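Peer 1: Build me a model:
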Amino acid sequence: MKLCTECHWEGWDRILDIYSDMYEALPVYINADDRYKIIILEKGCIMLEQDGIKSEVKAPAIILLSQKDKITYKIVKAIKAYVTFFDPTVIRDEFTYERIDSGEFENMIGQVIYQDYLLIRDFAFREDTAHQIIPLPMTGFKHIKGLYISMDNQLKGQKDGFWPCRSRSFLMEILHFIVYSYFIISPDQEENEETYEQEKFAEIAEYLEQNMSEPITLEKLTKQFAINRNKLNAIFEKQASMTCLNYLLKLRMDLATILLSKTELPVGEIGARVGFPDPNYFTKVFKSKTGKTPTKFRYP
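Peer 2: Purely as a prediction, here's the structure:
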């Protein structure tokens, strides 16, 4: 089984190391040793076993598997799952399995490459099963399923020459959502650390990640989460060392820099994806934060 996508266009020999499909039973090649896997479980329940450890996974949930993970499973309740197979080099050429598994990128904090590395770090280095099996709230599931469908449509439809870039961009957005919603911003799960502020921060930050492309104001957030703006900003200052809207802007700029540097998508399309439908305003904001226009950032 070739876990990649070949171009359908006559005369094009482009191959993209991403493959996606829907399954009612995990395929025999789920343990393929040359791909990372993202399993989005929409329906059902499976008993997953790895290294002698059993874990019951109930939908909706995400399962992350590296090229080294070898699992067995039993279907407890009929499942429906969307699976993405990909080689990490589609994120960045440097991300070969050998270099990732050696820990080479662990000490590159502060460098641009480290921001990209965070997207795939938890496939190779996990502290516990919480970084492999992620229960999803319904809103989170709907968002990530929407991104998957957008990617799958690009891989299978190939309507224009940007299909490889768009497919990669939606994969990176899926990874960005997982990292920023469930790893980086998640509060400590120890009971004595579950404070109101941590939980409220995680809840609002996940909402910002899911709705990044939409207009978001403080007024909208205060009504949505029944909190006054002073308390809202105080929580974000304490948890993220910045105001709520500055945190949203950072999310948007982080994703924009990834899409600009890793795809050839039009600048206006990227701006709209991160919440700036006006290309001129996107250019103005991006330059104020990075010192470069989107085009100069892409082609220094």
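Peer 1: List the contacts of the closest residue to residue 62 other than its chain neighbours.
Peer 2: Nearest residue to residue 62 in three dimensions, chain neighbours excluded: residue 134, at 4.4 Å (Cβ to Cβ, 6 or more residues apart in numbering). From N, CA and C alone the C-beta is placed, and that goes for glycine too. Each residue near residue 134 by Cβ atoms under 8 Å, 6 or more residues apart in numbering is listed here: 61-64, 178, 182.
Peer 1: Can you tell me the element residue 81 falls in?
Peer 2: Using DSSP states H and E, residue 81 falls within strand 72-86.
Peer 1: Next: residue 114.
Peer 2: Assessed by DSSP H and E, residue 114 sits inside helix 112-117.
Peer 1: That helix - contacts with which helices or strands?
Peer 2: helix 244-262 (3 or more Cβ pairs under 8 Å, 6 or more residues apart in numbering; DSSP states H and E).
Peer 1: re the thing from before, now that we have the contacts of residue 134, which one has the most neighbours?
Peer 2: Ranked by neighbour count (other Cβ atoms under 10 Å), the contacts of residue 134 have residue 63 at the top, with 24 neighbours.
Peer 1: Could you find the closest non-adjacent residue to residue 117?
Peer 2: residue 105 (4.3 Å).
Peer 1: let me fix that: residue 279
Peer 2: residue 268 is the one closest to residue 279 (Cβ to Cβ, 6+ apart), at 4.1 Å.
Peer 1: rewinding a little: for the residue nearest to residue 117, give me phi and psi.
Peer 2: phi -90, psi 0 (degrees, to the nearest 10).
Peer 1: Over to residue 136?
Peer 2: According to degrees, to the nearest 10, residue 136 has phi -110, psi 140.
Peer 1: and the gap between it and residue 200?
Peer 2: Separation of residue 136 from residue 200 (Cβ to Cβ, to the nearest Å): 19 Å.
Peer 1: Am I right that residue 154 sits in a strand?
Peer 2: No - using DSSP: H, G, I helix; E, B strand; the rest coil, the assignment for residue 154 is helix, not a strand.
Peer 1: Just confirm it contacts residue 160, I think it does.
Peer 2: No - applying Cβ atoms under 8 Å as the test, residue 154 and residue 160 come out as separate, 9.5 Å apart.
Peer 1: Which of those two has more residues huddled nearby?
Peer 2: residue 154 (25 against 9).
Peer 1: residues in contact with the next helix-or-strand element following the strand holding residue 81?
Peer 2: Proceeding N to C from strand 72-86, the next assigned helix or strand is helix 97-101, under DSSP H and E. The list of residues contacting helix 97-101 from outside it, by Cβ under 8 Å, 6+ apart, reads 67-68, 88, 105, 120, 124.
Peer 1: If we use 6 Å, what do you get?
Peer 2: 67, 124 (Cβ atoms under 6 Å, 6 or more residues apart in numbering).
Peer 1: mind checking how far that helix is from the chain centre?
Peer 2: Relative to its chain's centre, helix 97-101 lies at 20 Å (Cα atoms, centre = their mean, to the nearest Å).
Peer 1: going forward can the numbers begin at 810, since that is how I track them
Peer 2: All right, first residue 810 from here; so that's helix 906-910.
Peer 1: What residues of that helix count as buried?
Peer 2: Neighbour counts over helix 906-910 (16 or more other Cβ atoms under 10 Å) mark 906, 909 as buried.
Peer 1: What's the local residue count around residue 1055?
Peer 2: Using other Cβ under 10 Å, residue 1055 has 14 neighbouring residues.
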